[in-house]
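Trainee: Kindly return the folded structure for what I paste below:
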Amino acid sequence: MSVTTYLNFAGNTREVFMYYHSIFGGEAPQFMTYADLPPQGHPDGDQMDPNLKPLILHVEYPLMGGKLMGADVPEGYPVKHKEGNNFSVAVESENLDEIKRVYALFKEDAQAELMPLGPQFFSPLYGNLVDKYGISWQFIGLKSR
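Mentor: Numbering: from 1, shown residues only. The predicted structure is shown next:
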């Protein structure tokens, strides 16, 4: 069993995940569009709206031993995309230099820096920001064991 973060966006999922890939590197995200669905896999069958076809149905991005997944939520679907502050993606590492590097890249275009990166009573290095896409990220330096 495992837990994976799944992010929904309003049409810019490819852009978001390529941005994350530019920061973290590693394997490239694997995208599936609505056009990749077989006709029987979509409620509208062969009558799929052409505007829906280029949108991301699902993406997986292997990241630091886990994965980040996501999709575009098209207009008119029962689940609406809403930016929120009820979650954040946490990045943890004993490599404090890597935490600093990744945080600095996110900070360049961040909407808000909620807590600047620095030592905290619970961590040798901690910071929290909201990226340019409205996703909250926590960066946590772990003590060496």
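Trainee: got the contact list for Val102?
Mentor: Val102 sits next to Ile23, Phe24, Val91, Phe139 when contact means Cβ atoms under 8 Å, 6 or more residues apart in numbering. All C-beta spots, glycine's among them, are computed from the backbone N, C-alpha and C.
Trainee: isn't Gly11 right up against Asp72?
Mentor: Yes. Contact status for Gly11 versus Asp72: in contact at 5.2 Å, counting by Cβ atoms under 8 Å.
Trainee: Common neighbours of these two, please.
Mentor: Common neighbours of Gly11 and Asp72 are listed as Leu55 (criterion: Cβ under 8 Å, 6+ apart).
Trainee: If you count surrounding residues, which of those two has more?
Mentor: Comparing Gly11 with Asp72 by other Cβ atoms under 10 Å, the one with more neighbours is Asp72, at 24 against 15.
Trainee: so who does the more buried one touch?
Mentor: Shown in contact with Asp72 (Cβ under 8 Å, 6+ apart): Asn8, Phe9, Ala10, Gly11, Asn12, Thr13, Leu55, Ile56, Leu57.
Trainee: Next, count neighbours for Leu55.
Mentor: Burial of Leu55 is recorded as 20 neighbouring residues (other Cβ under 10 Å).
Trainee: ok, now the one 10 residues further on?
Mentor: A total of 5 residues lie near Gly65 under the criterion other Cβ under 10 Å.
Trainee: And the one 3 residues further on, by the same measure?
Mentor: Neighbours of Leu68 under the rule other Cβ under 10 Å: 22.
Trainee: which residues touch the residue lying closest to it once chain neighbours are set aside?
Mentor: Once flanking residues are discounted, Leu68 sits nearest to Tyr61: 4.7 Å by Cβ to Cβ, 6 or more residues apart in numbering. By Cβ under 8 Å, 6+ apart, the contact list for Tyr61 reads Phe17, Tyr20, His21, Glu27, Ala28, Pro29, Gln30, Lys67, Leu68, Met69.
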